[in-house]
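J.: Dropping a prediction and its sequence here:
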Amino acid sequence: MSDVHGNIEALNSVLKDIDNLGIDKIICTGDLVGYGPYPNEVVNTFIDQKIPSTLGNHDLATFDMDLLMELGGIANESIVLTLEIMGQNEKDYLTKLPRSIDFRNLHFVHASPPENVRGYITQKSLNEIKYLFTQFNSSICFIGHTHLLAKYCIENNELKHEPMGEGVVNLDPEQKYIINVGSVGQPRDGIHKAKYLVFDEEYYSLEVRFVDYDIKKVQNKIFELGFPKKNAELLGPI
């Protein structure tokens with residue numbers, strides 16, 4: 001999973017869905033906070049359930065003031081307000097997040113391999129994306145950051161890029177992939193649900209899961225705490 005962005009309602013619904021599937025390991029590729037009104041609740045869920053996560057750019061901006069200034073716009077406004085809300089223990093937790101995680105021949109990072117927490121893969125040239133495949137040794141690199149589900153691989157020296165929708169995606173065990181896992185807490189694809197994916201090691205497949213949650217509750221909290229209106233609009237109709 002990735003890009004929870006302070007949306008505890010979406011996270012709780014995803015975790016409930018995960019429980020029902022009997023998943024044996026959860027890993028997040030960052031951005032626990034930012035945009036959403038429940039940063040403490042999200043961080044404490046990760047702490048309590050011992051869910052590993054890499055560092056996201058919004059997480060980094062809570063303690064890197066240069067990055068915070070560079071973010072600008074609603075991202076900056078949201079982190080400033082997030083810092084006013086967050087407790088010290090929650091802030092400290094974010095400072096300790098690793099820039100990447102390796103697990104069972106899988107690599108996890110927020111934006112792009114090997115350890116980049118910034119820079120959108122969607123804004124890179126074909127050759128730049130090809131180069132990224134040389135930056136990790138694992139079979140698959142899972143990323144987030146763009147909030148858009150996508151699959152990248154190289155076939156016959158040509159980059160193949162496909163968006164992913166809900167359902168099962170079969171992978172080739174002989175191929176190397178970069179997979180964007182989408183966003184739990186703030187969709188950018190116009191589909192107003194929490195998204196995450198399940199990697200099945202035995203069948204070497206992905207299942208993209210779309211999960212409903214109480215969007216109105218989160219939107220109301222966004223307005224109550226004074227977060228930018230755009231943050232609520234991205235979740236769904238107001």
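T.: Cool, the structure landed.
J.: Contacts for stretch 12-21, please.
T.: Contact partners of stretch 12-21, identified using C-beta atoms under 8 Å, 6 or more residues apart in numbering, comprise M1, I26, T45, Q49, V184, A194, Y196, V198, R209, V211, D212, Y213. The C-beta positions use only the backbone N, C-alpha and C, and glycine is treated the same way.
J.: Tell me the spacing between the residue of the chain most remote from its centre and Y131.
T.: The C-alpha centroid of the chain is most remote from N156, which lies 29.8 Å away (C-alpha atoms, centre = their mean). Shown here: N156 relative to Y131, a distance of 17 Å by C-beta to C-beta, to the nearest Å.
J.: swap in N220?
T.: 45 Å.
J.: Point out where this protein drops to low pLDDT.
T.: By pLDDT under 70, the chain contains no weakly predicted segment.
J.: And for L81, nearest residue in space, chain neighbours not counted?
T.: Here the nearest residue to L81 in space, its sequence neighbours aside, is F227; by C-beta to C-beta, 6 or more residues apart in numbering that works out to 6.0 Å.
J.: Just give the number of residues close to the one you found.
T.: A count of neighbours around F227, defined by other C-beta atoms under 10 Å, yields 23.
J.: Touching, it and Y35? I think so.
T.: Yes: contact criterion C-beta atoms under 8 Å: F227 and Y35 qualify, at 7.2 Å.
J.: what touches both of those two?
T.: Taking C-beta under 8 Å, 6+ apart as the contact rule, the neighbours common to F227 and Y35 are S78.
J.: Going by neighbour count, list what's buried in stretch 99-118.
T.: Of the residues in stretch 99-118, those buried under the neighbour-count criterion (16 or more other C-beta atoms under 10 Å) are 99-101, 106-113, 115-117.
J.: can you check stretch 130-139 too?
T.: Buried residues in stretch 130-139 (16+ other C-beta under 10 Å): L132, F133, F136, S138, S139.
J.: Out of these, the closest to H5 would be?
T.: Using C-beta to C-beta, L132 is the member of the buried residues of stretch 130-139 that lies nearest H5, at 24.0 Å.
J.: Identify all contacting residues around the helix or strand harbouring E77.
T.: Using DSSP states H and E, E77 sits in helix 73-85. By C-beta under 8 Å, 6+ apart, the residues outside helix 73-85 that reach it are 6, 33-35, 37, 39-40, 58, 61-62, 68-69, 71, 91, 225-228, 230-231.
J.: Now, of these, which are buried?
T.: 6, 33-35, 37, 39-40, 58, 61-62, 68, 71, 91, 227-228, 231.
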